[in-house]
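Q: predicted model, plus sequence, below.
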Amino acid sequence: MSLADLLDDLPIPIIQAPMVGASFDALAVAVSGAGGLGTLAIATLAPGEIGPAIAGVRAQTDAPFGVNLLMAPKAAPTASELDTALARLAPWYQALGAPLPAAPNQFAQDFDAQFAAVVEAGPPMASFTFSILTKAQVAALHAAGTLVVGTATTVAEARAWAAVGADGICAQGFEAGGHRGHFLAEVEASLVGTLALVSTIRAAVDLPVIAAGGIMDGRGVAAALALGASAVQMGTAFLLAEEAVTPAAWRGAVATAGDDATRLTRAFTGRHARGIENHFMREMRAVQDAVPAYPVQNRLTQPLRAAATAAGDPEMLSLWAGQGVGLTRPGSAGEMMRRWWAEAGEAARAVAARTGRGEAE
Ligand SMILES: Cc1cc2nc3c(=O)[nH]c(=O)nc-3n(C[C@H](O)[C@H](O)[C@H](O)COP(=O)(O)O)c2cc1C
């Protein structure tokens, strides 16, 4: 089956964004079961955990689902780079009463081994972010029966994914919560809004486009479909879902977020990401360009964020969320999906009534 057919056959063309730290199998299964496409976030799983995790989703639903990997570069920081970075974080660990970790020697899971585990499991769809696969890797996934979606933040990135044989493009606009997926140009040249990005990728590439970034309700869904997207990918809007694993302090920050709550930051992970602004983001802004690149800084702040989560302290936790986060509402994932789809229908009818007015006169 082609990706276009898979998305067209979905009763509700909403893909639940993979969200490391906030989503796992329960949310993916609930979304797929409700007629959308759930995505299992497997970027932090060890290669040996991937097959069982995918089998776990298969055991819970017959509906199609996806998995997602982040393509972290191999990191080899020097001892002095690590010492400097840890010294910069020491006051934050101290403030939480948590011990400063020793310099680690592994910074992320081995991508090649994770990739091999995905090929072996052959899930219906797999999406990739932060870099690009080779043609041979895409062919290996196709041979395993897996459709391939590449994340793009620019038209050039979408064209690059098309050139390696991807089945579809996830167009990640500037509004999106979580990490930026750029991989060809620096971040400043990769900050196109969802509206312009979907339209320009649609015009440039003959593949299904999935719109992601700032879509918080059914009106956003209808808008993206009107732009020519084949489906939408929503992350932030699911953060308060009962089936999400969003920690309590993060949920509280989402539930009380104001109208203009989010900012981009490099301070938590060494890669730009959008989250609700907090004390750590504000105080680290001046030095954020000096912190080691992802995945090193990500690894060095992991224990800090775990300690903040355990303490229920939202000020030192990465509160990833997209623009419009204030529109997020609690509920079960199925209720949310049905509500958004009904809202999308209302929005489409309102637009049809408006555009049809001239014809009727
Ligand atoms: C909490 C959170 C975690 C995320 N983790 C991932 C991830 O593991 N892999 C990925 O490709 N994208 C990840 N994203 C980005 C989403 O795929 C998507 O681009 C984004 O959620 C869309 O914007 P929205 O949050 O405004 O809906 C994450 C987003 C959020 C909010």
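A: Structure's in. What do you need? Model, not experiment: these values are computed from the prediction.

Q: skipping adjacent residues, who's closest to P247 in space?
A: Closest residue in space to P247, ignoring its immediate chain neighbours: T309 at 4.7 Å, by CB to CB, 6 or more residues apart in numbering. For every residue, glycine as well, the C-beta is placed using N, CA and C.

Q: from M71, how far out is the one you found?
A: Relative to M71, T309 is positioned 26 Å away (CB to CB, to the nearest Å).

Q: cool, L300 as well?
A: Computed as CB to CB, the L300 to M71 distance reads 20 Å.

Q: same check, this time on G213
A: Applying CB to CB to G213 and M71 gives a distance of 19 Å.

Q: hang on, R263 in a strand?
A: Yes. Assignment of R263 by DSSP: H, G, I helix; E, B strand; the rest coil places it within a strand.

Q: my guess is it contacts G275. True?
A: Yes. Assessed by CB atoms under 8 Å, R263 is found in contact with G275 at 7.3 Å.

Q: any common contacting residues for the two?
A: The contact sets of R263 and G275 overlap at M281 (CB atoms under 8 Å, 6 or more residues apart in numbering).

Q: which one's more surrounded, the two?
A: G275 (26 against 14; other CB atoms under 10 Å).

Q: I'd like to know which elements the helix or strand of the chain with the lowest mean pLDDT is packed against.
A: Every helix and strand of the chain was ranked by mean pLDDT, DSSP states H and E. The lowest is helix 333-360, at a mean of 94. For helix 333-360, the elements it packs on are strand 14-16, helix 25-33, helix 218-226, judged by 3 or more CB pairs under 8 Å, 6 or more residues apart in numbering; DSSP states H and E.

Q: is the ligand contacted by the helix or strand encompassing A307?
A: Using DSSP states H and E, A307 sits within helix 296-311. No. Against the ligand, helix 296-311 shows no contacts by CB under 6 Å from any ligand atom, the least distance being 11.6 Å.

Q: got the buried residues for that helix?
A: 296-305, 307-309 (16 or more other CB atoms under 10 Å).

Q: just stretch 50-57 next, same as before
A: By neighbour count on 16+ other CB under 10 Å, the buried set for stretch 50-57 is 50, 53-54, 57.

Q: same question for stretch 268-284.
A: Judged by neighbour count using 16+ other CB under 10 Å, the buried positions of stretch 268-284 are 268-278, 280-281, 284.

Q: kindly format the C-alpha coordinates of it as PDB.
A: What follows is stretch 268-284, C-alpha atoms only, in PDB (Å, rounded to 0.1, in the frame of the first residue of the first chain):
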ATOM      1  CA  PHE A 268      18.700  21.900  27.300                       C
ATOM      2  CA  THR A 269      20.000  19.600  24.600                       C
ATOM      3  CA  GLY A 270      22.500  21.400  22.300                       C
ATOM      4  CA  ARG A 271      19.900  21.400  19.500                       C
ATOM      5  CA  HIS A 272      17.200  24.100  19.100                       C
ATOM      6  CA  ALA A 273      13.800  23.000  20.400                       C
ATOM      7  CA  ARG A 274      10.600  24.800  21.300                       C
ATOM      8  CA  GLY A 275       9.200  24.700  24.800                       C
ATOM      9  CA  ILE A 276       7.300  26.700  27.500                       C
ATOM     10  CA  GLU A 277       9.800  29.200  28.700                       C
ATOM     11  CA  ASN A 278      11.000  28.600  32.300                       C
ATOM     12  CA  HIS A 279      13.800  29.700  34.600                       C
ATOM     13  CA  PHE A 280      16.500  27.400  33.100                       C
ATOM     14  CA  MET A 281      15.700  28.700  29.600                       C
ATOM     15  CA  ARG A 282      15.900  32.300  30.600                       C
ATOM     16  CA  GLU A 283      19.000  32.000  32.700                       C
ATOM     17  CA  MET A 284      20.900  29.900  30.200                       C
END
